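J.: Pasted the sequence and its predicted model underneath.
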There are 2 protein chains.
Amino acid sequence: MSQGTLFIISAPSGAGKTTLVRELIESLDGIQVSVSHTTRARRRGEVDGVNYHFVEVASFEAMIERGEFFEYARVFDNYYGTSRPSVEAMLNAGQDVILEIDWQGARQVRQQMPDAVSIFILPPSRDELERRLASRGTDEHATIARRMRDAIGEMSHYDEYDYLVINDDFTTALRELQSLVISRRLSLDRVGKGHAPLLAALLSQAPGVE
Amino acid sequence: MSQGTLFIISAPSGAGKTTLVRELIESLDGIQVSVSHTTRARRRGEVDGVNYHFVEVASFEAMIERGEFFEYARVFDNYYGTSRPSVEAMLNAGQDVILEIDWQGARQVRQQMPDAVSIFILPPSRDELERRLASRGTDEHATIARRMRDAIGEMSHYDEYDYLVINDDFTTALRELQSLVISRRLSLDRVGKGHAPLLAALLSQAPGVE
């Protein structure tokens, strides 16, 4: 059994990351999104273990104490974090795992998992990004301007990533993400471990041949 | 304009490399197979500049003198070689280039072009390989045994390659090769150079935002 690969995927709001990642994991076997831990209250329709692992503050802080988080953050009064043991269990089972995190989380994960493959998704143009950020339920100028500033802040870290996907045509962008996952599965290390019996059979000497 | 990528593709006879590479370059834009130089006589139906660059022995030896070959070999009385200036011209024009060479040529190219991506294509099983090698127009045992020995010799170098593609289902193997080419085009370096104006536009400050 070969080890799975950890994929870090980041993007500004409005790049289309959520839809792309959902289609990516539906279109390929053996890949899933890591489920984060949080202490915030569960909202209507959310399922524990699917949207988040909902835990108490005391449990979360105990996990921090034990150094179990790849990365975690406190946003207002709530903790959010990515559990390292749960990601590692999936990777050891041969699953590819996606972490949807921002550039700060990506930095922390990269330090701990240098073999992680990191991907940044970009919108196709400045105009299109502004249009998408403006169409999110408010017309207030200050709100849109803040979203734009946040998006630019996130995008300014694009050059810390291994790969860039420009989400212009959805089908093309999806195929590009699939290609990145498939390519990793073809690496010498993964095929060498995953297909060891085939390789041994191919290389055994033919009968009667010196 | 971003620089193209050099792909080295090797395989034993019977792995299906020729058909896969032909379909690969037909299915994607911006990628072509490097045409080798040779001093052997042109055969009926062969076209100069397509099958080979057919040159005189004196020209070939002058190219050797000038150090223009990535790799070359003398087989019986004929020279075969891969011209470095012609490959570099294609890469500089942003084209991806495929070299179909054996493990020895691959070693020589890798030393000179460490960024080259190398791919080894494997047959799906020992039985299938033997079947394919036996069905090539001879029933003579010694001939088949020699082909098998040559194939094993080539395959014994699989672990010098970056990626392994197992040609079991043709469509899957083709998609895997496409994925390797597409992935390389998504690398930070290539997108950063190929889409510099987009990146600059995305990162420019919004009017009225600090």
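T.: Arrived safely.
J.: For residue A:103, which non-adjacent residue is spatially closest?
T.: Once flanking residues are discounted, residue A:103 sits nearest to residue A:157: 3.8 Å by CB to CB, 6 or more residues apart in numbering or on different chains. Glycine gets a C-beta too; all of them are placed from N, C-alpha and C.
J.: Report the separation between that neighbour and residue A:130.
T.: Applying CB to CB, to the nearest Å, the value for residue A:157 to residue A:130 is 20 Å.
J.: try residue A:8
T.: Here the criterion is CB to CB. By it, residue A:8 lies 26 Å from residue A:130.
J.: packing partners for whichever strand or helix holds residue A:86?
T.: Assigned by DSSP states H and E, residue A:86 falls within helix A:84-92. Other helices and strands packing on helix A:84-92, by 3 or more CB pairs under 8 Å, 6 or more residues apart in numbering or on different chains; DSSP states H and E, are strand A:69-75, strand A:96-100.
J.: buried stuff in the first one?
T.: It stands for strand A:69-75. Within strand A:69-75, the residues that count as buried by 16 or more other CB atoms under 10 Å in any protein chain shown are A:69-72.
J.: Tell me which residue lies nearest the centroid of chain A.
T.: Nearest to the mean C-alpha position of chain A, counting by CA atoms, centre = their mean, stands residue A:99 at 2.7 Å.
J.: beta partners for it?
T.: Residues in a beta bridge with residue A:99, per DSSP bridges, are residue A:8.
J.: so what's it up against?
T.: By CB atoms under 8 Å, 6 or more residues apart in numbering or on different chains, the residues touching residue A:99 are A:6-9, A:33-34, A:70, A:82, A:87, A:105-106, A:109, A:116.
J.: okay if I get those residues as a markdown table plus distance to residue A:204 and pLDDT?
T.: Shown next, in a markdown table, are the contacts of residue A:99 (distance: CB to CB, whole Å; pLDDT from 0 to 100):
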| residue | distance to residue A:204 | pLDDT |
| --- | --- | --- |
| A:6 | 35 | 98 |
| A:7 | 36 | 98 |
| A:8 | 40 | 98 |
| A:9 | 42 | 98 |
| A:33 | 41 | 95 |
| A:34 | 40 | 95 |
| A:70 | 43 | 91 |
| A:82 | 44 | 93 |
| A:87 | 38 | 95 |
| A:105 | 47 | 91 |
| A:106 | 44 | 95 |
| A:109 | 41 | 94 |
| A:116 | 36 | 97 |
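J.: Specify which member of the residues you listed is nearest to residue A:41.
T.: Set against residue A:41, the nearest of those by CB to CB is residue A:82 (19.7 Å).
J.: tell me the contacts of the closest residue to residue A:158 other than its chain neighbours?
T.: Nearest residue to residue A:158 in three dimensions, chain neighbours excluded: residue A:120, at 4.8 Å (CB to CB, 6+ apart). Applying CB under 8 Å, 6+ apart, we find residue A:120 in contact with A:9-11, A:155, A:157-158, A:161, A:163-165.
J.: In ChimeraX, select just the buried ones from these.
T.: Selecting the buried subset of the contacts of residue A:120 in ChimeraX, with 16+ other CB under 10 Å as the burial test, is done by:
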select /A:9,10,11,155,158,161,163,164,165
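J.: Which of the contacts of residue A:120 fall in strands?
T.: Among the contacts of residue A:120, the members falling in strands (DSSP state E) are A:9-10, A:163-165.
J.: hmm, back to that, out of residue A:8 and residue A:130, which sits in the busier spot?
T.: Shown here are residue A:8 and residue A:130; by other CB atoms under 10 Å in any protein chain shown, residue A:8 has more neighbours (26 against 17).
J.: residue ranges with poor pLDDT in chain A?
T.: Scanning chain A for pLDDT under 70 picks out the ranges A:137-139, A:206-210.
J.: So which residues of it form helices?
T.: Here chain A has its helices, by DSSP state H, at A:17-27, A:57-65, A:84-92, A:103-112, A:126-134, A:141-155, A:170-185, A:188-194, A:196-203.
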